[in-house]
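# sequence? don't have it. structure:
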């Protein structure tokens, strides 16, 4: 009986041809699409629960993107109703350059901030607001474009390896020169005796 049912399922139910791709690839969508965000950060800052999302899934240089920020009061569960300022800076140790992305007001319980970066790299986005006389700020990372194939650590390791190879070559040349001098001295000493 089971064999007959299995045979019916395998041989008589038509097979759907999968000649098309189901869904849409995330790399071909822009900031207005309904794809999942590239990042979803949830945290509690003081009296507020904050959720931040970045669209599209893979931000690229010279393409528009969007940050959605939701903030609700933990005690009343009411959305934050204050201006939220967005700033950006390079994610590096030596960068002090901070640029203003904009200030947004509440729109349908969300703060939406657009962005467009012209260079690939790692950035830190800061969203800040003042509520009940207190200043709140949240930082989150953003990578724009593909990551570099070799990072800072790789550059340092490569530099150290090249330095060690150079020192080794120089030391070998010195050793060979001193050996050849010793041989020449030994030969010239034995020839003159």
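All right, it came through fine. Note that the coordinates shown come from a computational prediction; the quantities given were computed from them, not determined experimentally. Numbers count the residues shown, from 1 in each chain.
# any idea how far the helix or strand where residue 163 lies is from the middle of the chain?
Assigned by DSSP states H and E, residue 163 belongs to helix 152-192. On the basis of C-alpha atoms, centre = their mean, to the nearest Å, helix 152-192 is displaced by 43 Å from the centre of the chain it belongs to.
# next up, the contacts around the spatially most central residue of the chain.
Among the residues of the chain, the one closest to the centroid is residue 143, at 3.5 Å (C-alpha atoms, centre = their mean). Contacts for residue 143 (C-beta atoms under 8 Å, 6 or more residues apart in numbering) come out as 38, 59, 121-123. All C-beta spots, glycine's among them, are computed from the backbone N, C-alpha and C.
# helix, strand, or coil at the residue nearest to residue 135 when sequence neighbours are not counted?
Computed as C-beta to C-beta, 6 or more residues apart in numbering, the closest residue to residue 135 that is not its neighbour in sequence is residue 128, at 6.8 Å. Following DSSP: H, G, I helix; E, B strand; the rest coil, residue 128 is assigned to strand.
# so what's residue 128 up against?
Taking C-beta under 8 Å, 6+ apart, we find residue 128 in contact with 84-85, 87, 135-138.
# could you pick out the buried ones from the residues you listed?
Buried members of the contacts of residue 128, counted by 16 or more other C-beta atoms under 10 Å: 84-85, 87, 136, 138.
# which of the residues you listed fall within strands?
Of these, the ones assigned to strands by DSSP state E are 84-85, 87, 136, 138.
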